[in-house]
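1. got a structure for you, letters missing:
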C-alpha cells in the first residue's frame, strides 16, 4: 500500500474547470479517482496505468475529464472541465498494486488497495 494525499478540490460554478492532484508516497501500477455523493455508492471516475499510460473513464465524465500522471513525482492529476452540478461529490484518489487491471473491472473497488482521504468538489448551478 501507498499513502495518498489529494489536493485541489473546491467550489466552482457550472461550466468551470478544476484540477485535482494526488501525490503517492511510493510507486504503484495504476492510480485513479472515485467519487461519492452522500447516500450513494462510491463510483469510478478515471484510471491511468503507469505502464503505457492507458486510461479508462466513466461514461459520465468521458470527453470532459482528463487523467494524467507524472512518473517522476508519483503524482496523478485529474483535469475536470465543463463541470456540472452532478459532478458534485467527494473525490477519492486510489492506487492499485495489481500488475494488470482489465478494463472491464476498473469500476470494482476491490482492485484498489490504497485510498486517499478525499477532497470535496462542489459545482453550483
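-> Received, thanks. These figures come from a predicted structure and were not determined experimentally.
2. For the residue positioned nearest the centre of the chain, give me its contacts.
-> Central residue of the chain (C-alpha atoms, centre = their mean): residue 33, 1.8 Å from the mean position. Applying C-beta atoms under 8 Å, 6 or more residues apart in numbering, we find residue 33 in contact with 20, 22, 45, 46, 47, 67, 76, 78, 91, 92, 93, 94. Just so you know, the C-beta spots here come from the backbone N, C-alpha and C atoms, and that holds for glycine as well.
3. Dig out what it forms beta bridges with.
-> Counting by DSSP bridges, residue 33 forms beta bridges with residue 46, residue 93.
4. Mind putting the contacts of residue 33 into JSON lines with pLDDT?
-> Converted to JSON lines, these look like this (pLDDT from 0 to 100):
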{"residue": "20", "pLDDT": "98"}
{"residue": "22", "pLDDT": "97"}
{"residue": "45", "pLDDT": "98"}
{"residue": "46", "pLDDT": "98"}
{"residue": "47", "pLDDT": "97"}
{"residue": "67", "pLDDT": "98"}
{"residue": "76", "pLDDT": "97"}
{"residue": "78", "pLDDT": "98"}
{"residue": "91", "pLDDT": "98"}
{"residue": "92", "pLDDT": "98"}
{"residue": "93", "pLDDT": "98"}
{"residue": "94", "pLDDT": "98"}
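5. Would you convert those residues into TSV that also reports distance to residue 1 and neighbour count?
-> Shown next, in TSV, are those (distance: C-beta to C-beta, whole Å; neighbours: other C-beta atoms under 10 Å):
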residue	distance to residue 1	neighbour count
20	21	22
22	14	26
45	20	26
46	21	24
47	17	25
67	21	23
76	16	28
78	21	26
91	19	23
92	14	22
93	13	27
94	11	24
